[in-house]
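Participant: Here is a sequence together with a model predicted from it:
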Amino acid sequence: MSTDLFSLKGKQALVTGGGRGVGVMCAAALLDFGAEVAITSRRAKEETEFAALAERGPCHFIQTDLAATHGVAEVYEALRTRLGTLDILVNNAGVTWGAPLEEYPAEAWEKVLKLDVAVPFRMVQTLLPLLEAAGKHRAPSRVVNIGSVDGHAVGVFDNFAYAAGKAGLHQVTKVLAQRLGSRHITVNAIAPGPVMTKMTAALLEENGAAVVDANPLGRLVESSDIAGALIYLTSAAGAYVTGAVLPVDGGFSLGSWSSLRLT
Ligand SMILES: NC(=O)c1ccc[n+]([C@@H]2O[C@H](COP(=O)([O-])OP(=O)(O)OC[C@H]3O[C@@H](n4cnc5c(N)ncnc54)[C@H](OP(=O)(O)O)[C@@H]3O)[C@@H](O)[C@H]2O)c1
């Protein structure tokens, strides 16, 4: 058996929202295992962690707003001209919105469902020619959607549209996996528990101790946890896995996520 089971040498990857947080963790892991990586961000290159990523390996930057009308098409055009094909698509860009039930605004639903469900679907739809050109029978192209524990377990934070969006993303993952297997593309999701990023910093600063205490494995998600799951799903090791939603949450989704006591 090849010991290169986890190598990504020669592979080309895209990470949406790869300029900070979980996206940086994904891009860094792909680079460390040998892939050439493009990241997207709405911000200028200098305002992201691009420079540190580029020190790890070949890295490209695409500045675009994926929620804007032409955002996804711009990414397709940039990848077509710079890379030609695409082995790995990581749909990481996402947004949340927290507010009490009685005050939860209609605009939260529009913003969150657009970026967390519609955009990942549009990305797969639009980048299909590039993914299909790279995929082979025993070496399929990969789509990995970054879901959440909130998409399959009922939590205590008031992020209603986010929970619905991530549940939708998990289901779209399965539907696309069923449709795209015969086109040599696998589609899976990673469902992390809480990670310390800009998205969660305020919540975790206030409730971090309670979150850690309630977790069966007693800690938050770390970058190596994200890396391990992502490299498994994108390398030869995961070539026969499709339609999976992989929890990377220390056991939170087994029950304690919903019984968490906030301070
Ligand atoms: N943190 C957690 O506890 C946690 C747990 C489970 C799942 N997740 C998921 O992990 C993913 C990354 O979240 P994070 O924790 O790293 O949060 P974050 O630091 O807030 O990062 C969000 C990312 O999404 C990108 N983004 C937001 N709006 C965008 C738009 N309109 N167009 C393009 N990119 C956009 C941002 O890129 P720019 O600002 O550079 O444009 C940024 O890279 C999300 O899908 C999130 O749901 C996070």
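Facilitator: Thanks, I have the structure now. The structure presented is a predicted model; accordingly, all values stated were derived computationally and were not measured.
Participant: Could you list the low-pLDDT ranges of the stretch 151-263 of the chain?
Facilitator: Residue ranges of the stretch 151-263 of the chain with pLDDT under 70: 263.
Participant: All the helices of it, residue numbers only.
Facilitator: Applying DSSP state H, counting those that start in this stretch to the stretch 151-263 of the chain gives helices spanning 160-180, 201-214, 223-234, 256-259.
Participant: The host helix or strand of F61 near the ligand at all?
Facilitator: Applying DSSP states H and E as the criterion places F61 in strand 59-63. No - interface with the ligand: strand 59-63 contributes nothing (CB under 6 Å from any ligand atom), its closest point being 8.6 Å away. Placement of C-beta: from N, CA and C, glycine included.
Participant: Report all helices and strands that that strand contacts.
Facilitator: Strand 59-63 sits against strand 36-41, helix 50-54, helix 71-82, with contacts defined as 3 or more CB pairs under 8 Å, 6 or more residues apart in numbering; DSSP states H and E.
Participant: List of residues touching that strand?
Facilitator: 27, 31, 36-45, 48, 50, 53, 74-75, 78-79, 82-83 (CB atoms under 8 Å, 6 or more residues apart in numbering).
Participant: what about 6 Å?
Facilitator: 37-38, 40, 45, 50, 53, 75, 78, 82 (CB atoms under 6 Å, 6 or more residues apart in numbering).
Participant: How about stretch 76-90?
Facilitator: Outside stretch 76-90, the residues that touch it by CB under 6 Å, 6+ apart are 11-15, 26, 60, 62, 126-127, 130-131, 133-134, 141-144, 234.
Participant: Just the buried positions in that stretch, please.
Facilitator: Neighbour counts over stretch 76-90 (16 or more other CB atoms under 10 Å) mark 76, 78-79, 83, 85-90 as buried.
Participant: what's the answer for stretch 144-154, then?
Facilitator: 144-153.
Participant: which of these sit farthest apart?
Facilitator: The largest distance within the buried residues of stretch 144-154, taken as CB to CB, falls between V144 and A153 and amounts to 19.9 Å.
Participant: Thought V15 was touching L30, still the case?
Facilitator: No - counting by CB atoms under 6 Å, V15 is not a contact partner of L30; they are 7.0 Å apart.
Participant: Common neighbours of those two, please.
Facilitator: With CB under 6 Å, 6+ apart applied, the contact sets of L30 and V15 do not overlap.
Participant: sorry, back to before: the ligand: which of the helices and strands packed on strand 59-63 is closest?
Facilitator: Each of the helices and strands packed on strand 59-63 has some distance to the ligand by CB to the nearest ligand atom; the shortest is strand 36-41, at 3.3 Å.
Participant: How about residues contacting stretch 232-246?
Facilitator: With CB under 6 Å, 6+ apart as the test, stretch 232-246 has contacts from 5-6, 8, 88, 142, 144, 170, 174, 177, 181, 186, 188-191, 229.
Participant: how far does that stretch sit from the chain's center?
Facilitator: Computed by CA atoms, centre = their mean, to the nearest Å, the separation of stretch 232-246 from the middle of its chain amounts to 14 Å.
Participant: End to end on it, go ahead and measure it.
Facilitator: Counting by CA to CA, to the nearest Å, you get 11 Å between the two ends of stretch 232-246.
Participant: buried sites along that stretch?
Facilitator: Buried residues in stretch 232-246 (16+ other CB under 10 Å): 232-235, 238-239, 242-246.
Participant: Now the phi/psi pair for the closest residue to P216 other than its chain neighbours, please.
Facilitator: The spatially closest residue to P216, leaving aside those adjacent along the chain, is G251, at 3.3 Å (CB to CB, 6 or more residues apart in numbering). Taking degrees, to the nearest 10, you get phi 100, psi 10 for the backbone angles of G251.
Participant: Point out the residues in the protein that sit beside the ligand.
Facilitator: Applying CB under 6 Å from any ligand atom, we find that the chain lies next to the ligand at 16-17, 19-23, 40-43, 48, 65-67, 92-95, 115, 146, 148, 192, 194-195, 197-200.
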